[in-house]
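Q: sequence and predicted structure are below.
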Amino acid sequence: METTQRDTRTIGVDTKNLIAQSLLQQSYSGHLRHGALIKAAQQFGVCKKTVHRIWAKAKEQMERGVPVNVRDRVRGYNHKDKMQLDDNKVRQLSMLERSTIRKMARKLEISKSTLGRMKKEGLIRPHTSAVKPILTDLNKLARLRWSLSQIQPIRIDGKLKYNTMHNVVHIDEKWFYMTKSSDRYYLLPDEDEPYRSCIFPFTTMEPAKRNSKNRAKGTMETKPIQSVNKAITRDCIIQKIIPAIKSKWPPNVCKEILIQQDNAKPHISPTDSEFQAIANKDGFKFQIICQPPNVLDLGFFTAIQSLQDDKIAKGVDDLVNNVYSSFEELSPHTLNNVFLSLQGCLLEIMKVHGGNGYKLPHMKKARLSRLDSLPITLEVEEELVKEALEYLQLPENNIGEAYDISRISEALGF
């Protein structure tokens with residue numbers, strides 16, 4: 001074997017065992033041949049003392065009757081005086097005093113780097129706390145009944161399923177901004193900081209009233225609508241949303257379609273006369289339903305905005321085009337994931353009797369999708385549904401007939 005040149009003083013475990021095996025081959029009854037240590041040191045490029053130490057370890061193992069296996073002595077360096085996290089001191093800190101590493105380190109009287117290492121070791125964990133709206137008792141009961149109303153009244157092996165929601169069209173408003181109010185960039189040392197300005201458009205097309213260096217008088221330009229009211233919402237539903245649904249709806253499926261909205265003031269009533277006049281034409285049956293307060297929005301707009309934020313917009317027209325292109329780029333699988341997340345939240349709402357003190361469920365949808373086992377709807381345990389129905393039957397929880405749950409109640413014998 002040729003002599004190997006080593007770049008480090010640390011000898012690997014494999015090399016140590018090769019040295020031990022080479023010495024064993026040159027030994028007889030536990031004794032080495034003359035010059036074996038020097039020969040091994042030259043062969044493996046180590047000093048004679050290292051070879052002697054490895055041979056002593058091998059002889060010790062042979063005398064104990066165990067197989068020769070030279071292990072690495074390097075175990076890592078441990079500080080004997082390593083600073084320990086004082087759990088009681090941490091618990092005495094308010095949430096505001098724990099909001100940043102800098103604040104928390106100052107209050108604990110330790111360095112930021114030490115606290116950062118403790119975070120990496122899992123001694124503390126970061127958590128983002130979102131502000132949740134306060135719910136009244138009536139709000140909670142309405143949310144609970146709403147969650148139950150979305151379940152199919154069919155039991156299979158002690159489980160039920162949510163409705164597919166394929167015929168539910170969610171409508172909502174969302175502001176898309178040309179830029180964020182605050183953002184971080186990574187620049188080269190010689191680059192200037194970008195100048196940033198904001199507009200917040202809800203737009204219409206109007207002719208320019210006067211000449212300017214950018215366009216002539218009378219040129220159609222995009223202008224923001226100052227406020228969205230019922231008339232604008234009604235016009236959007238009747239002139240845009242319903243025609244778009246009709247043009248895209250598959251021909252051989254049920255044409256009973258629910259348009260779901262929240263209770264914002266600009267939204268029209270389900271009994272709006274102009275809406276009712278066109279709701280049952282061309283074989284379609286449209287119905288507006290209002291969700292209870294503070295029910296989770298789909299979040300589909302957020303997915304669109306994450307793509308739109310990466311596109312540069314120099315004007316309102318660019319912004320509108322960016323939103324359209326972001327919508328086209330978004331995968332349909334994302335929408336399916338959003339509906340599954342909605343069903344998961346409805347499931348958690350039932351567990352907390354309509355409240356919002358729950359963690360957002362994580363179903364590992366990406367992994368299930370790769371395994372081709374992502375469900376269309378989520379299952380609900382029968383016992384959970386029964387417990388929710390029993391809770392609603394208590395005298396203090398009777399809020400009338402809001403959100404029909406008669407089908408699921410009858411299916412489970414209530």
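A: In hand now; what should we look at?
Q: which residues of the stretch 101-250 of the chain score low on pLDDT?
A: 129-132, 173-206, 221-226 (pLDDT under 70).
Q: run the last query once more with 90
A: 101-159, 161-250 (pLDDT under 90).
Q: in it, which spans are strands?
A: Counting by DSSP state E, counting those that start in this stretch, the stretch 101-250 of the chain has strands at residues 159-161, 168-170, 203-207, 220-224.
Q: got a list of what the residue nearest to Leu115 when sequence neighbours are not counted touches?
A: In space, and not counting its chain neighbours, Leu115 is closest to Ala105: 4.5 Å by Cβ to Cβ, 6 or more residues apart in numbering. C-beta: built from backbone N, CA, C; applies to glycine. By Cβ atoms under 8 Å, 6 or more residues apart in numbering, Ala105 lies in contact with Ser111, Lys112, Thr114, Leu115.
Q: can you flag which of those belong to helices?
A: Of the positions in these, Lys112, Thr114, Leu115 sit in helices, assigned by DSSP state H.
Q: buried among those residues? Need that as a selection in PyMOL.
A: Buried residues among the ones in helices among the contacts of Ala105 (16 or more other Cβ atoms under 10 Å), as a PyMOL selection:
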select buried, resi 115
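Q: out of the ones in helices among the contacts of Ala105, who's nearest Ala41?
A: Thr114 (43.5 Å; Cβ to Cβ).
Q: quick check: domain ranges of this structure?
A: Domain assignment for the chain by automatic domain parsing gives 1-76, 78-129, 137-172+174-196+324-411.
Q: for the longest one, measure first residue to last.
A: Just to be clear, that refers to domain 137-172+174-196+324-411. 27 Å (Cα to Cα, to the nearest Å).
Q: please report how far the residue sitting nearest the centre point of the chain lies from Asn337.
A: Nearest to the mean C-alpha position of the chain, by Cα atoms, centre = their mean, lies His362 at 7.7 Å. Distance, His362 to Asn337, by Cβ to Cβ, to the nearest Å: 12 Å.
Q: is it correct that Phe327 falls within a helix?
A: Yes - assigned with DSSP: H, G, I helix; E, B strand; the rest coil, Phe327 falls within a helix.
Q: tell me who's in contact with it.
A: Ile304.
Q: same check, this time on Arg98
A: Val90, Met104.
Q: relative to Arg143, how far out is it?
A: Distance of Arg98 to Arg143, computed by Cβ to Cβ: 31 Å.
Q: next: Lys359.
A: Noted for Lys359: a distance of 17 Å to Arg143, by Cβ to Cβ.
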